[in-house]
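J.: Build the 3D model from these lines:
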Amino acid sequence: MPKLMPRMLRKGRRTFALILSLSVCSVMLIVQQETSSALRRMLSSSYETCDISTISLPTQPILPIYAASYPGSGAQMTHYLYEALTGLESGDEWQHRGDTYDHIAIKTHYPSRKHQIEGNRLMQRAIVLIRSPMHALPSYHNFVYEKDHNIPDHTIRAPEDAWIKWRDQHFKEELASWKNHVQYWMTEYESTDRIVVSYERLVNSKTGPVESTRIANFLGRTEGVEVIPPSQIPCVWDKVVNYKRIDVDEEGNEIEEDRKLSVLRNLYDEHGNILDKNIQDSKMGLVKRRVKYVSTEDPAHPSQSLREGVSVYSYTKEQLEAIKTTLNALRGRFLGEYTLVVILSGYVEEVENELKILK
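T.: You can find the predicted model right below:
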């Protein structure tokens, strides 16, 4: 009987330890659930309160940032995001200069497209937006197809036969252009003066707010720029990605495309007041903006090109191999660029999965 006592004690200790471990796990699970619930409540609260309707003039001259991307990589969406994060206008390489010092960023497709931003002598920093060439090329072709057929932007995908014809005529030059675009912006600026952003992560519901926070921090380093509070970034991200920005007139009515040129575009100061007409005459005015929800089924929604399942636009095995070779070459050249390497590795994995399907 005495010999059994130590065994019973040991067994009792093990049982107690197991019960204690389960209790701790239960407490941790409850804490995690409460934390997750609190986070959801915080995000829900932010979604209900943030406002991205008004664009203002900066209170002092600011140096714009290059918003660089290959065509078809989501430049228009990020254009709106930069505005929403700062309350300042983003510009376009065809319409704005870099030496007016009143834009937070100016979109450019250089060098994949040869036009450069005029007055860019003092522009020193860049946001490099990257999208997998597997999706960027057909997205760019959609734009080309819409323009060739006088169709509004972001309304339809090009037919499969039109894509295949364009793909086989332009694949090599466009893939080389995509690669050259990445190389140029990675080598032209030091890592302290640029950030690399993945389009795929930006439109993802889990990583999008995180990427937007990175962007906000980078934009906030510009002298004279004040970004929104971190607590509002998830809401702003949601309204940029899941909503469509529209221009409204003084009565709050949506300005349709066919009457935009005839509507006076008012410029607002930081308090939401219309600027004096003399100031407006000296600058291209801006309209106030509203947003309206865009269903994830809408062709204009950014995540449409990321639907799960079979890719809408096909490539030949040789073309997929060329994409993989290009991605690996870039990854090897920029091994010290952690963010870029992670992004490219994800693209390589996607291509390899497509190749497995073709075997």
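
J.: hang on, I195 in a strand?
T.: Yes. Per DSSP: H, G, I helix; E, B strand; the rest coil, I195 lies within a strand segment.

J.: how about it, what does it touch?
T.: Counting by Cβ atoms under 8 Å, 6 or more residues apart in numbering, I195 touches 127-128, 214-215, 218, 339. The way it works is simple: take the backbone N, C-alpha and C, and place the C-beta from them, glycine included.

J.: was I right about A84 contacting C235?
T.: No. If you go by Cβ atoms under 8 Å, A84 and C235 don't touch, sitting 9.5 Å apart.

J.: neighbour count winner among those two?
T.: More neighbours surround A84 than the other of A84 and C235, with 29 against 22 (other Cβ atoms under 10 Å).

J.: Excluding chain neighbours, what is closest to that one?
T.: Nearest non-adjacent residue to A84, counting by Cβ to Cβ, 6 or more residues apart in numbering: I52, 4.0 Å away.

J.: Quickly find the element holding the one you found.
T.: Using DSSP states H and E, I52 sits within no helix or strand.

J.: residues near it, how many?
T.: By other Cβ under 10 Å, 22 other residues sit near I52.

J.: Likewise for the one 3 residues further on?
T.: Around I55 sit 19 other residues, with neighbours defined as other Cβ under 10 Å.

J.: How about T213?
T.: 16.

J.: How about the contacts made by it?
T.: By Cβ under 8 Å, 6+ apart, the contact set of T213 is 230, 233.

J.: On the three-state scheme, it is what?
T.: helix.

J.: pLDDT weak spots in the stretch 251-359 of the chain?
T.: Within the stretch 251-359 of the chain, the ranges that satisfy pLDDT under 70 run 251-312.

J.: again, only using 80
T.: Along the stretch 251-359 of the chain, segments meeting pLDDT under 80 span 251-313, 359.

J.: now do the stretch 51-200 of the chain
T.: Scanning the stretch 51-200 of the chain for pLDDT under 80 picks out 51-54, 153-155.

J.: Output the contacting helices and strands for the helix or strand encompassing V128.
T.: Remark: V128 resides in strand 126-130, with elements defined by DSSP H and E. Here strand 126-130 touches strand 65-69, helix 75-86, helix 160-188, strand 194-198, helix 199-202, going by 3 or more Cβ pairs under 8 Å, 6 or more residues apart in numbering; DSSP states H and E.

J.: Give me the buried positions along the longest one.
T.: Neighbour-count burial for helix 160-188, with 16 or more other Cβ atoms under 10 Å as criterion, is recorded at 162-163, 166-167, 171, 174-175, 177-179, 181-182, 185-186.

J.: of those residues, closest to I65?
T.: W185 (12.0 Å; Cβ to Cβ).

J.: If you drop the residues flanking it in sequence, what lies closest to that closest one?
T.: For W185, the spatially nearest residue (Cβ to Cβ, 6+ apart) is V128, at 4.5 Å.

J.: Just give the number of residues close to the one you found.
T.: 23.

J.: can you pull out the strands in this protein?
T.: 65-69, 90-92, 105-108, 126-130, 194-198, 243-248, 288-293 (DSSP state E).

J.: Could you give the number of residues near I117?
T.: I117 has 21 neighbouring residues, counting by other Cβ under 10 Å.

J.: Return the residues in contact with it.
T.: Residues in contact with I117 (Cβ under 8 Å, 6+ apart) are 66, 93, 96-98, 106, 108, 110, 123.

J.: The same query, at a cut-off of 6 Å, please.
T.: Contact partners of I117, counting by Cβ atoms under 6 Å, 6 or more residues apart in numbering, are 93, 98, 106, 108.

J.: L129 too?
T.: Taking Cβ under 6 Å, 6+ apart, we find L129 in contact with 69, 73, 78, 197.

J.: can you rerun that using 10 Å?
T.: 67-70, 73-75, 77-78, 107, 185, 195-199, 202, 215 (Cβ atoms under 10 Å, 6 or more residues apart in numbering).

J.: circling back to that earlier point, which neighbours do A84 and C235 share?
T.: Common neighbours of A84 and C235 (criterion: Cβ under 10 Å, 6+ apart): 50-52, 228.

J.: Would you mind listing which of those residues are buried?
T.: Buried, going by 16+ other Cβ under 10 Å: 50, 52, 228, out of these.

J.: Closest to L137 out of those?
T.: I52 (30.8 Å).

J.: circling back to that earlier point, isn't the residue nearest to A84 right up against Y80?
T.: Yes. Here I52 reaches Y80: they are 8.1 Å apart, a contact under Cβ atoms under 10 Å.

J.: Correct me if wrong: P159 contacts P138.
T.: No. Using Cβ under 10 Å, P159 is not in contact with P138; the gap is 11.7 Å.

J.: Please name the residues that touch the closest residue in space to V210 that isn't next to it in sequence.
T.: Among residues not flanking V210 along the chain, R201 sits closest, at 7.7 Å (Cβ to Cβ, 6+ apart). Taking Cβ under 10 Å, 6+ apart, we find R201 in contact with 130, 207-208, 210-211, 214, 339, 342-343, 346.
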